[in-house]
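Chemist: Build me a model from this:
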Amino acid sequence: MQLGKKIVCVMPGYNAGKTITQTLAAVPPGIVDLFILVDDCSFDDTVSVATALSKHYPLKIFRHEGNRGYGGNQKTCYREALDEGADVVVMLHPDYQYEPKLLGALTALVTSGVYDVSLGSRILGKGALQGGMPLYKYVFNRFLTLFENIFIGQKLSEYHTGYRAFSRASLQQIPFEKNSDDFVFDNQILVQMHLKGFRIGEISIPTKYFAEASSISFWRSLVYGLGVLRCSLEGFFARTGIYIHHRYQKSEMV
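Modeler: Here you go, the predicted model:
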């Protein structure tokens, strides 16, 4: 627990058998009440490794029988976390790409009551490229973030991080189930949070790219980028009242 709040850490897993042990071991003790791993039909030993780890950590494991995509995985993560009574839900990838030691700092922004959503930004510091982020991804990241900030009326340093924490109320009041099952889910949920008026904060985190860390190809990145541009325009149309996609209609964001 943290400040009396129940912390549930969700881990969207796909072929993370080589890294999940290291990831869990690096999480500071005494913060997370429950870990939830959702395996998206991995073809490695993720589930068996996690099952062994569940003897040492408060870890529940769910497995999709078919691959539902990154966004589809998150939907299961958030549903299960809310069902477990989480006050704060923090997402930590089990591939060790994001620094587990900073989990408490990330959740503190939410448990403090100052923010409803917190993001771990690889861009706030100066180490993104030094940490191994490919140059084209860095350029895409900066361009897409600028585009989103302008069109949805926010001021974030990065929308594309997978390290994030949400208050229970914020997840309950947006229709995240209506979002994409693909990677653009990450952007859609932040646009929903912004349009709903939830406060979003950021902390600086290091960038870590290595062989076992999950990453998408150039072409998948291109498809993702186009999805981000569309999401940004939908956010702009919604906040100006020109056209409100059902994903962002206030009647949907209960």
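Chemist: can you map out the helices along the chain?
Modeler: 20-25, 46-53, 69-83, 103-111, 135-152, 168-172, 185-196, 218-240 (DSSP state H).
Chemist: ok, now which ones touch residue 114?
Modeler: Neighbouring residues of residue 114 by C-beta atoms under 8 Å, 6 or more residues apart in numbering: 199, 201. C-beta coordinates here come from the backbone N, C-alpha and C atoms, glycine included.
Chemist: Show the pLDDT at it.
Modeler: Residue 114 carries a pLDDT value of 98.
Chemist: From residue 241, how far off is the closest residue to residue 82 other than its chain neighbours?
Modeler: Of all residues not flanking residue 82 in the chain, residue 171 sits nearest, at 6.2 Å (C-beta to C-beta, 6 or more residues apart in numbering). Going from residue 171 to residue 241 by C-beta to C-beta, to the nearest Å gives 26 Å.
Chemist: These two: which has the busier surroundings?
Modeler: Between residue 171 and residue 241, counted using other C-beta atoms under 10 Å, residue 171 has the larger neighbour count: 21 against 7.
Chemist: and residue 73, what is it in contact with?
Modeler: Taking C-beta under 8 Å, 6+ apart, we find residue 73 in contact with 12-14, 38, 40, 64.
Chemist: State the distance from the closest residue to residue 45 other than its chain neighbours to residue 105.
Modeler: Leaving aside its chain neighbours, residue 45 sits nearest to residue 17 (4.2 Å; criterion: C-beta to C-beta, 6+ apart). To residue 105, residue 17 is 28 Å away according to C-beta to C-beta.
Chemist: which of these two has more neighbours?
Modeler: residue 17 (19 against 16).
Chemist: dump the residue contacts of that one.
Modeler: Applying C-beta under 8 Å, 6+ apart, the residues near residue 17 are 42, 44-46, 48-49.
Chemist: Now tabulate those in a markdown table and tack on distance to residue 81.
Modeler: Formatted as a markdown table, these follow (distance: C-beta to C-beta, whole Å):
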| residue | distance to residue 81 |
| --- | --- |
| 42 | 20 |
| 44 | 24 |
| 45 | 24 |
| 46 | 19 |
| 48 | 23 |
| 49 | 21 |
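Chemist: out of the residues you listed, which are buried?
Modeler: Among those, those classed as buried by 16 or more other C-beta atoms under 10 Å are 42, 46, 49.
Chemist: and residue 208, which of the helices of the chain is closest to it?
Modeler: Closest to residue 208 of those is helix 20-25 (C-beta to C-beta; 11.2 Å).
Chemist: Tell me which residues of that closest one come out buried.
Modeler: 20-21, 23-24.
Chemist: Quick check: the two most widely separated of these?
Modeler: The farthest-apart pair in these, when distances are taken by C-beta to C-beta, is 21 and 23, at 7.2 Å.
Chemist: low pLDDT regions in the chain?
Modeler: In the predicted model, the chain carries pLDDT under 70 at residues 210-216, 251-254.
Chemist: do you know how far residue 29 is from residue 103?
Modeler: 11 Å.
Chemist: Compare the two (neighbour count), which wins?
Modeler: Per other C-beta under 10 Å, whichever of residue 29 and residue 103 has more neighbours is residue 103, with 23 against 6.
Chemist: which ones are touching that one?
Modeler: Contacts of residue 103 (C-beta under 8 Å, 6+ apart): 9, 27-28, 31-32, 90, 92.
Chemist: change it to 10 Å
Modeler: Counting by C-beta atoms under 10 Å, 6 or more residues apart in numbering, residue 103 touches 2, 7, 9, 26-28, 31-32, 90, 92, 120, 163, 165.
Chemist: Return the closest of those with respect to residue 178.
Modeler: The closest of these, once distances to residue 178 are taken by C-beta to C-beta, is residue 165, at 21.5 Å.
Chemist: Correct me if wrong: that closest one contacts residue 119.
Modeler: Yes - Residue 165 lies in contact with residue 119 (C-beta atoms under 10 Å); the separation is 8.1 Å.
Chemist: Okay then, goodbye and thanks.
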